[in-house]
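S.K.: generate a structure from the sequence data that follows.
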Amino acid sequence: MTQKNHNTGTGSEAASAKPKLDYAQTFSIGFGFLAISAAWALYNAYVPLKLKDLMLPTAVVGLIMGIDNFCGFTIQPLFGILSDKVRTRWGRRLPFALVSIPLGALFLVLISVAPNVPLTVASIVAYALIMATSRAPIVALMPDVTDSRLRSKANGIINFMGSIGNVIALAGGSLLYKRFGMSAAFVAGAVIMVAAITALMHLVREHEEFVTAPGERAQLPFVSWKEFKTAVAPRLELDGEGRRSFALILLVLFLYTMGGNAVETYFTLYATHDLGMDAGTAGGNLVWYAVGMLAFAIPAGFIGSRFGRKVTMSTGLALSALLFAPMPWVGRPFMVPYLAFVFGVFWILVIVNALPWITELGGVEHTGAMTSYYYLATSFGAAISPTIFGFIQQMAGEYRWMFVYAVALFLAALACMPFITRGEANDSEVGRRADD
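M.R.: Here you go, the predicted structure:
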């Protein structure tokens, strides 16, 4: 059965409409992603180093680093549903950011100062749980106000703002880590998070229909188990071709996330253990990854709009595989910043176009459902990959084999691409005109 989009006007009117992107609003929404990205940049760069300093095995480090991703397909969809139903003086999405980001900043600092394994792990779990409560609401702000044909461009801007958060956190964090230690770097990251969310709260206004009137009580709904289960795995009405494309898109998201997440998780350990770099320099070199993403985030959205999402993502995956393939044998310390920068450029081609790719398949009616499936696939891949490669590293003894691991998964994702026939910006429009 072909899905329908209940837009106003006739099919020809909808087809001829040329929506315009509200750049000011999109950049403002990006402050939420800036706060999230700054937090996770520091977390991914330095928490694995602390866990190894506490003498934990690599597989255990991977298991702990995967906690936040298990929250991605449990806590995130739950709060995604809640945000659909909440009504407050600030709207339905912003209150989650207002509460969770400052609390997340606090626990980020506690991770850095915790003196032993139990307190460190407890702080990590609390941080992951709290940060998971705001991600879906913040991400949902962009599709709430953006036409589906403009979401690749808008997502490019959102990722551009996220990359700014990465650059600020990693560049400043590296300097502070070298001079004052991990706690100073994480305190600075916490300040960035609070500043960014303050900007978001002042610059973004949600639609009036989601804002309570003066004196009206806030609506804080209860979510039943049935609603939660539906949000984690929503039922969709797709024809045969749509179901095949949908299943393969989920597989692609899962595979490439597994590959990319292993590199992101273990990159600083690769640099310090295999290449002999000090921790501050290793973490600082990750800023070039963020700079690459920053430089190409907005162009990646335009490229996806111009040449198609599948082609753009395939190009990013193929180039990433070519970049990583020789690294186990040719990797040297002087190459690390160049490797990080180029990977950032290639990887942003994938990231910017992935969410619009899968949400397009469901049409306007099922944007929330497709977003849930997006996080289900990517979070599950990111949850299990650090542990899987952790066991590989314990057997092989070196982190450089993460590049071979990533290449194999990128190639597996690429092998699925020719069989996917849906997900481009005009697919739901074509389906609607056929039904009309």
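S.K.: is it true that residue 146 touches residue 20?
M.R.: No: with contact defined as Cβ atoms under 8 Å, residue 146 does not reach residue 20; the gap is 10.6 Å. C-beta here means a position set from N, CA and C on the backbone, and glycine is covered the same way.
S.K.: quick one: which of the two has more around it?
M.R.: Higher neighbour count among residue 146 and residue 20: residue 146, with 23 against 7, using other Cβ atoms under 10 Å.
S.K.: what sits closest to the more buried one if chain neighbours are left out?
M.R.: Nearest residue to residue 146, sequence neighbours excluded (Cβ to Cβ, 6 or more residues apart in numbering): residue 154, at 4.6 Å.
S.K.: next one: the one you found from residue 78, what distance?
M.R.: 25 Å (Cβ to Cβ, to the nearest Å).
S.K.: between these two, which has more neighbouring residues?
M.R.: Taking other Cβ under 10 Å, residue 154 and residue 78 do not tie; residue 154 has more neighbours (25 against 18).
S.K.: wait, what's in contact with residue 63?
M.R.: By Cβ atoms under 8 Å, 6 or more residues apart in numbering, the contact list for residue 63 reads 386-387, 390.
S.K.: tabulate the residues you listed in TSV, adding columns for distance to residue 330 and neighbour count.
M.R.: Output for the contacts of residue 63, formatted as TSV (distance: Cβ to Cβ, whole Å; neighbours: other Cβ atoms under 10 Å):
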residue	distance to residue 330	neighbour count
386	25	26
387	28	19
390	24	24
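S.K.: okay, and which of those map to helices?
M.R.: Cross-referencing the contacts of residue 63 against helices under DSSP state H gives 386-387, 390.
S.K.: what's the helix or strand for the residue nearest the centre of the chain?
M.R.: Centrality entry for the chain: nearest residue to the mean C-alpha point is residue 351, 7.7 Å, by Cα atoms, centre = their mean. Using DSSP states H and E, residue 351 falls within helix 336-362.
S.K.: give the rounded mean pLDDT of stretch 399-414.
M.R.: For stretch 399-414, the mean per-residue pLDDT is 96.
S.K.: only alpha carbons, please: show that stretch as PDB.
M.R.: Extracted C-alpha coordinates of stretch 399-414, given in PDB (Å, rounded to 0.1, in the frame of the first residue of the first chain):
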ATOM      1  CA  TYR A 399      44.100  -0.900  18.000                       C
ATOM      2  CA  ARG A 400      45.200  -0.400  14.400                       C
ATOM      3  CA  TRP A 401      43.000  -3.200  13.200                       C
ATOM      4  CA  MET A 402      39.900  -1.000  13.900                       C
ATOM      5  CA  PHE A 403      40.500   0.400  10.400                       C
ATOM      6  CA  VAL A 404      40.100  -3.100   8.800                       C
ATOM      7  CA  TYR A 405      37.100  -3.700  10.900                       C
ATOM      8  CA  ALA A 406      35.500  -0.400   9.700                       C
ATOM      9  CA  VAL A 407      36.400  -1.000   6.100                       C
ATOM     10  CA  ALA A 408      34.700  -4.400   6.100                       C
ATOM     11  CA  LEU A 409      31.500  -2.900   7.600                       C
ATOM     12  CA  PHE A 410      31.500   0.100   5.100                       C
ATOM     13  CA  LEU A 411      31.800  -2.300   2.200                       C
ATOM     14  CA  ALA A 412      29.000  -4.400   3.500                       C
ATOM     15  CA  ALA A 413      26.800  -1.300   3.700                       C
ATOM     16  CA  LEU A 414      27.800  -0.300   0.200                       C
END
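S.K.: please identify the buried residues of it?
M.R.: Of all the residues in stretch 399-414, those buried under the rule 16 or more other Cβ atoms under 10 Å are 399-403, 405-407, 409-410, 412-414.
S.K.: was I right about residue 77 contacting residue 375?
M.R.: Yes: using Cβ under 8 Å, residue 77 is in contact with residue 375, at 6.8 Å.
S.K.: need the overlap of contacts for the two.
M.R.: The contact lists of residue 77 and residue 375 share residue 136, where a contact means Cβ under 8 Å, 6+ apart.
S.K.: who's more crowded, those two?
M.R.: Ranked by neighbour count (other Cβ under 10 Å), residue 77 and residue 375 place residue 77 first, with 28 against 24.
S.K.: any low-confidence regions in the stretch 251-400 of the chain?
M.R.: Counting by pLDDT under 70, the stretch 251-400 of the chain shows low-confidence ranges at 362-369.
S.K.: what sits closest to residue 261 if chain neighbours are left out?
M.R.: residue 382 (4.2 Å).
S.K.: phi first, then psi, for residue 91.
M.R.: Main-chain dihedrals, residue 91, degrees, to the nearest 10: phi 110, psi -160.
S.K.: dump the ones in helices among the contacts of residue 63 to CSV, plus distance to residue 242.
M.R.: Converted to CSV, these look like this (distance: Cβ to Cβ, whole Å):
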residue, distance to residue 242
386, 33
387, 33
390, 37
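S.K.: closest to residue 107 among those?
M.R.: Nearest to residue 107 out of the ones in helices among the contacts of residue 63 is residue 386 (Cβ to Cβ; 19.9 Å).
S.K.: just the helices in the stretch 151-300 of the chain please.
M.R.: Using DSSP state H, counting those that start in this stretch, the helices of the stretch 151-300 of the chain run over 151-180, 182-203, 225-232, 240-269, 279-285, 287-307.
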